[in-house]
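> Structure for this input, please:
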Amino acid sequence: MPSFKIDLSTAVVFVATAPEPKMANKKTGERAVDRETGAGLSTVGLLVSDEGEGNLYQVTVPETGYPEGLAPGTPVKVVGLKARDWENEFNGQKRHGIAFRAVAVTPAA
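Next up, the predicted model:
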C-alpha cells in the first residue's frame, strides 16, 4: 500500500509517551523489527500541535532513530513521518486504521 508524507514544518511536537518496544507477537514476546535494517521497532506517542489543533499519534520508530531517555514533555523534531492505511481481519472481524512511521525522533535544538 502507498504511504503519504506528513509535513510537520509548521507544527510543534512533544513526546506524549516514552518509546516502548513494539511487539510482533505479544504471546511469544517477539519484537517487531524493520524489514530492511533488522533494527528493533518501538512505538512513541507524539502530541502534534499545528494551526490551533492538537492530535496524539502513536508512531513507530526504529530503536536506532531516537536517543535513550526520550521522556514525555520533550519537544522533538520528527524525521520522515509517513502515514499508511491498513486493514485486516482477525477472528472474523474486519479492522482498519492509519499507521504512522518515522525514520527518527530527535530532541528539538
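
> Would you point out which residue is most central in this structure?
residue 59 (1.1 Å; Cα atoms, centre = their mean).

> So, low pLDDT: which residues of this structure?
1 (pLDDT under 70).

> In contact with the residue of the chain most remote from its centre, which residues?
Using Cα atoms, centre = their mean, the residue of the chain lying farthest from its centre is residue 92. It sits 27.3 Å away. Shown here is residue 92, which makes no contacts under the criterion Cβ atoms under 8 Å, 6 or more residues apart in numbering. Any C-beta I mention is one placed from the backbone N, CA and C, and that applies to glycine too.

> coming back round to it: which residues outside the helix or strand in which the residue nearest to the centre of the chain is found are in contact with it?
Using DSSP states H and E, the element containing residue 59 is strand 53-62. Taking Cβ under 8 Å, 6+ apart as the criterion, the residues outside strand 53-62 that touch it are 16, 19, 22, 32, 34, 37, 39-48, 78, 81, 99-105.

> Buried by neighbour count, from the residues you listed: which ones?
Those of the contacts of strand 53-62 that meet the buried threshold are 16, 19, 22, 34, 41-48, 78, 81, 100-102, 104-105, by 16 or more other Cβ atoms under 10 Å.

> got the buried residues for the strand holding residue 59?
Neighbour counts over strand 53-62 (16+ other Cβ under 10 Å) mark 57, 59-62 as buried.

> Can you list the strands that that strand pairs with?
Each strand that strand 53-62 pairs with, and the sense of that pairing, follows from DSSP bridges: strand 41-50 (antiparallel), strand 93-101 (parallel).

> State the number of residues packed around residue 27.
The number of residues packed around residue 27, counting by other Cβ atoms under 10 Å, is 6.

> Give me the phi and psi angles of it.
As for residue 27, its main-chain torsions (degrees, to the nearest 10) stand at phi -70, psi -40.

> Check the gap between it and residue 42 for me.
In this structure, residue 27 and residue 42 are separated by 19 Å, where distance is defined by Cβ to Cβ, to the nearest Å.

> swap in residue 65?
Distance of residue 65 to residue 42, computed by Cβ to Cβ: 9 Å.

> so residue 54 bridges to which residues?
With DSSP bridges as the rule, residue 54 is bridged to residue 49.
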